[in-house]
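Engineer: I need the structure of the sequence given here:
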Amino acid sequence: MLLVLRSLFQIRHRSPHQVSSLLSAPLNPNQRLLIMSSGSTTPSHGCILSFPSNIFIWITGFLYLIRYPFATTSTPNNLFEDFDKESIRQVVSEEKWDDYRILNFFNSALAPMWVSRVLLELKDDPKLALKFFKRAKTRTGFRHTAEACCILAHILFCAKMYFDAHQILKELVSSSRNLVGFDIFEMLWSTRNVCRPGFGVFDALFSVMIELNMLEEATNCFLKMKESRVLPKARSCNNLLNRLSKSSKGKLSVKFFDDIIASGISPTVFTYNIMIDYMCKGGDLESARNLFSQMKETGLTPDNVTYNSLIDGHGKLGFLDDMICLLEEMKDSGCDPDVITYNALINCFCKFERMPKAFEFLRVMKEKGLKPNVVTYSTFIDAFCKEGMMQEAIKFFVDMRRVGLIPNEFTYTSLIDANCKVGNLSEASKLVNEMLQAGVQLNIVTYTALLDGLCEEGQMEEAREVFTLMLTSKVSPNRKIYTALLHGYLKANKLENAFEIFKEMKEKGIKPDNLLYGTIIWGFCKHGKHKEAMDLFNEIKESDIHKNLIIYTTIIDAHFKVEKVSEALNLLQEMEGFGIKPTVVTYCVLIDGLCKLGLINEALNYFTLMPEIGLKPNVLIYTALIDGLCKNNLLELAKGLFDEMSEKGILPDKNAYTSLIDGNMKHGKVGEALSLKNRMVDIGMEVDLHAYTSLIWGLSRWGKLNQARELFDEMITNGVMPDEVVYNCLVRKYYEIGKVDEALELQNEIVKTGLITGDGDYGLPKIQT
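Structural biologist: All right, here's what the predicted structure looks like:
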């Protein structure tokens, strides 16, 4: 073994440029086959384990020697003594595979390396060379060396057998893609003088790597080709550029485009179209416009693809006027807008709520003889659905089928989502069934819409069934799916199910985002699990997730609910320290929390601060303050704020009226309370249970039982059912002042209406029957 290894390293230093030492062994005294490298040949550096190409070949042979140590005693010379060029041709052409010379050949451990020599003998007859190569491959335990594959690729390419050469290279690249350090380009380069010099085979290798989606390897191959001054065709470069632009490593396309230009390859219209489309899809309109100008400066004429990419790119970012300008330029340049052009225009004008203009494009499109396709109809259907115009959406849906167009998953998903959002789950279910019967598979967006709709309606069992169906259909759930399920379970007070879903999601490696964290923190807070909410909040702070206003506001609210004022105010400061500006919602939570805890002065301070930081108090903030002031006996301040609302054009809501009614009643200002109630009726505002409760409680307290009883009857007439609080305060007052008959009459009346049962114990005398 030591002798063999020593000989390997001697070979390495002795002949670094040769294809193989065996290739230089004489066939006979009068013939010597050598594949010499020209003066420009560079040594091979990129084979397995970083060995040169010939070392890789010899190691292959060494492994065969280990496997078959006693297979033959033949040497390269004595094996070929009676197996000359003509004998080889005869054996292969007549397929004499049982010839003893062939059998000896393939029984040798060195056969994989001798194949290269045979291929060279047959290079003038490429079909025979290919036939021999294929036959060798069928031998049990036999594998061709990379050298043999490269030699045959050169032979076939020179013979214009491009398909066969392509297949040989494809097999070689596929079989060696996981071999660290092995460089096929170096091997192909070192064997390039097998036939007359021709460099098309290198473009074929480059194309094979692209075809096998080995994009980084193809990029490296391009750089080596550039160094060796063997440039691929522009078409092949465009192929790689296109794949890079659509891959997850799209930024590499920008670098590769620069490499194409730097190498001197003339970019084509297709080259520019790929890059302009990539820039437009990425929202980099400035780079797209620069490329557009550069393209025209080089004498290339933009085509429909160029203009369509630019029109779509500008439209999706809301630059609708620029879309129109590009459309006019497109027409002036002689390019006729096609269906794709009009679809882009219609989509963007619908997206930015310019439906009339979108319909105008549809009209022009039809006038020009262009038939709207599935995308056109689906775009309008989606726009109608988003606007809540379901009748119009259905009309377009029926019309598209009438003209022979088959709705796709996007069409169905728009309609299903719209029906789910308005709670029309039965119609959504019909559409799902129709979709499946038509052979259109549900995609992740469809499943998300369905699950979201079911969860919103609290139909969690059905939601779970849909989720199971999705998994059965091999559709992987994403973060939106899990968020919808979590929200649904939390709304349905099924905490355990929610936690199971959260755990399952994490186990599948799906990282929660702000929305999902916010959903589960909201659920914790809703169910009074303050500690669990804080644990999750701390988890967010320790992660790389961007700090979120909604989550901060939720936690501040949770702190107030458990009376942790200092922690809530500290969070406000922390939030501002991270550069997160509080909104009106944040201040609403803050002021409401302070008011509920009786910290009126602090609440008023934050209220006063709002205009200074550019925030305008809304009706909820005014209502929270009015309620807090009334509850803390600061009625005059509450009245002032109520009047201020009207002066600033903010209409007081039902809660603001109820709070002020309650405050006035507590201070014995019955007339003002009733006046507020009348104002509510005058402006068409519903007087609800809370307002009636405050009024009846106040009137009873101040001895105005007749009016209280009138309001009690009124509320029932108006369809507002009294609860035990209203009933008890009125009945108790009757008993307190000795009006037992009135009390009993009211009790019996309420029992007859079924509002309460006669055997209930409300701390009152038994009902007379």
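
Engineer: Against Phe467, how distant is the residue nearest the centre of the chain?
Structural biologist: For the chain, the residue sitting closest to the mean C-alpha position, by Cα atoms, centre = their mean, is Asn478 at 8.6 Å. Distance from Asn478 to Phe467, counting by Cβ to Cβ, to the nearest Å: 12 Å. All C-beta spots, glycine's among them, are computed from the backbone N, C-alpha and C.

Engineer: Near Leu620, how many other residues are there?
Structural biologist: Leu620 is flanked by 18 other residues according to other Cβ atoms under 10 Å.

Engineer: now do Glu367
Structural biologist: 8.

Engineer: What separation do you get for it and Ile340?
Structural biologist: Noted for Glu367: a distance of 17 Å to Ile340, by Cβ to Cβ.

Engineer: Help me confirm that the residue nearest to the centre of the chain comes into contact with Ile444.
Structural biologist: Yes - proximity of Asn478 to Ile444 meets the contact threshold set by Cβ atoms under 8 Å, at 6.0 Å.

Engineer: any residues in contact with both of those two?
Structural biologist: Counting by Cβ atoms under 8 Å, 6 or more residues apart in numbering, Asn478 and Ile444 have no common neighbour.

Engineer: can you give me the strands in the stretch 451-600 of the chain?
Structural biologist: Using DSSP state E, counting those that start in this stretch, the stretch 451-600 of the chain contains no strands.

Engineer: now it, which segments are flagged as low pLDDT?
Structural biologist: Applying pLDDT under 70 to the stretch 451-600 of the chain flags residues 544.

Engineer: As a check, name the ranges of all helices in it.
Structural biologist: 460-472, 479-491, 495-507, 514-526, 530-542, 549-561, 565-577, 584-596, 600-609 (DSSP state H, counting those that start in this stretch).

Engineer: So which bits of the first one are buried?
Structural biologist: In this case it means helix 460-472. Within helix 460-472, the residues scored as buried using 16 or more other Cβ atoms under 10 Å are 460, 462-464, 466-467, 470.

Engineer: cool, the fourth one as well?
Structural biologist: When burial is assessed from 16+ other Cβ under 10 Å, helix 514-526 yields the following buried residues: 516-526.

Engineer: In JSON lines: those, plus distance to Lys494.
Structural biologist: Putting these into JSON lines (distance: Cβ to Cβ, whole Å) gives the following:
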{"residue": "Leu516", "distance to Lys494": "17"}
{"residue": "Tyr517", "distance to Lys494": "19"}
{"residue": "Gly518", "distance to Lys494": "19"}
{"residue": "Thr519", "distance to Lys494": "14"}
{"residue": "Ile520", "distance to Lys494": "13"}
{"residue": "Ile521", "distance to Lys494": "17"}
{"residue": "Trp522", "distance to Lys494": "15"}
{"residue": "Gly523", "distance to Lys494": "10"}
{"residue": "Phe524", "distance to Lys494": "14"}
{"residue": "Cys525", "distance to Lys494": "16"}
{"residue": "Lys526", "distance to Lys494": "12"}
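
Engineer: coming back round to it: could I get the phi/psi values of the residue nearest to the centre of the chain?
Structural biologist: When read as degrees, to the nearest 10, the backbone of Asn478 gives phi -110, psi -170.

Engineer: do you know how far it is from Ile650?
Structural biologist: Asn478 is 41 Å from Ile650, by Cβ to Cβ.

Engineer: what about the closest residue to Ile340 other than its chain neighbours, neighbour count?
Structural biologist: Of all residues not flanking Ile340 in the chain, Asn308 sits nearest, at 5.1 Å (Cβ to Cβ, 6 or more residues apart in numbering). Neighbour count of Asn308, defined by other Cβ under 10 Å: 25.

Engineer: One more: Cys455?
Structural biologist: Count around Cys455 with other Cβ under 10 Å applied: 25.

Engineer: ok, for it, nearest residue in space, not its chain neighbours?
Structural biologist: Using Cβ to Cβ, 6+ apart, the nearest residue to Cys455 is Gly488, at 2.7 Å.

Engineer: hmm, back to that, can you lay out the helices of the stretch 451-600 of the chain as a markdown table showing distance to Pro356?
Structural biologist: Formatted as a markdown table, the helices of the stretch 451-600 of the chain follow (distance: least, Cβ to Cβ, whole Å):
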| stretch | distance to Pro356 |
| --- | --- |
| helix 460-472 | 38 |
| helix 479-491 | 33 |
| helix 495-507 | 44 |
| helix 514-526 | 34 |
| helix 530-542 | 45 |
| helix 549-561 | 36 |
| helix 565-577 | 43 |
| helix 584-596 | 34 |
| helix 600-609 | 44 |
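
Engineer: who wins for proximity to Ser694 among those helices?
Structural biologist: Nearest of the helices of the stretch 451-600 of the chain to Ser694, taken as Cβ to Cβ: helix 584-596 at 17.5 Å.

Engineer: For the closest one, what is the distance to the chain centroid?
Structural biologist: Here helix 584-596 is found 36 Å from its chain centre; the criterion is Cα atoms, centre = their mean, to the nearest Å.

Engineer: List the buried residues of that helix.
Structural biologist: Applying 16+ other Cβ under 10 Å to helix 584-596 flags 586-596 as buried.

Engineer: And stretch 370-388, by the same measure?
Structural biologist: So for stretch 370-388, counting by 16+ other Cβ under 10 Å, buried means 370, 372, 375-386.

Engineer: same check, this time on stretch 546-562
Structural biologist: Within stretch 546-562, the residues that count as buried by 16+ other Cβ under 10 Å are 548-561.

Engineer: what does that stretch contact?
Structural biologist: With Cβ under 8 Å, 6+ apart, stretch 546-562 has contacts from 514, 517-518, 521-522, 524-525, 528, 530, 533-534, 537, 540-541, 565, 567-568, 571-572, 574-575, 578, 580-583, 585-586, 589-590, 592-594, 596-597.

Engineer: Next, the contact list for Ser266, please.
Structural biologist: Ala234.

Engineer: Please identify the helix or strand for it.
Structural biologist: Here Ser266, judged by DSSP states H and E, is contained in no helix and no strand.

Engineer: gap between it and Asp277?
Structural biologist: 20 Å.

Engineer: can you check Phe202 too?
Structural biologist: 28 Å.

Engineer: If you count surrounding residues, which of those two has more?
Structural biologist: Taking neighbours as other Cβ under 10 Å, Phe202 and Asp277 compare with Phe202 leading, 24 against 21.

Engineer: any idea how far the nearest residue to Arg701 once chain neighbours are set aside lies from Ser700?
Structural biologist: The shortest distance from Arg701 to any non-neighbouring residue, by Cβ to Cβ, 6+ apart, is to Met665 (7.3 Å). Remark: distance between Met665 and Ser700 (Cβ to Cβ) = 10 Å.

Engineer: before we move on, back to that, now do the same contact list for the residue nearest to Arg701.
Structural biologist: By Cβ under 8 Å, 6+ apart, the neighbours of Met665 are 673, 694-695, 697-699, 701-702.

Engineer: Now for the residues you listed: which two are most distant?
Structural biologist: Counting by Cβ to Cβ, the most remote pair of the contacts of Met665 is Ser694 and Trp702, 12.5 Å apart.

Engineer: Please identify which of the two sits among more neighbours.
Structural biologist: For the pair Ser694 and Trp702, the greater number of neighbours falls to Ser694 (24 against 15), based on other Cβ under 10 Å.
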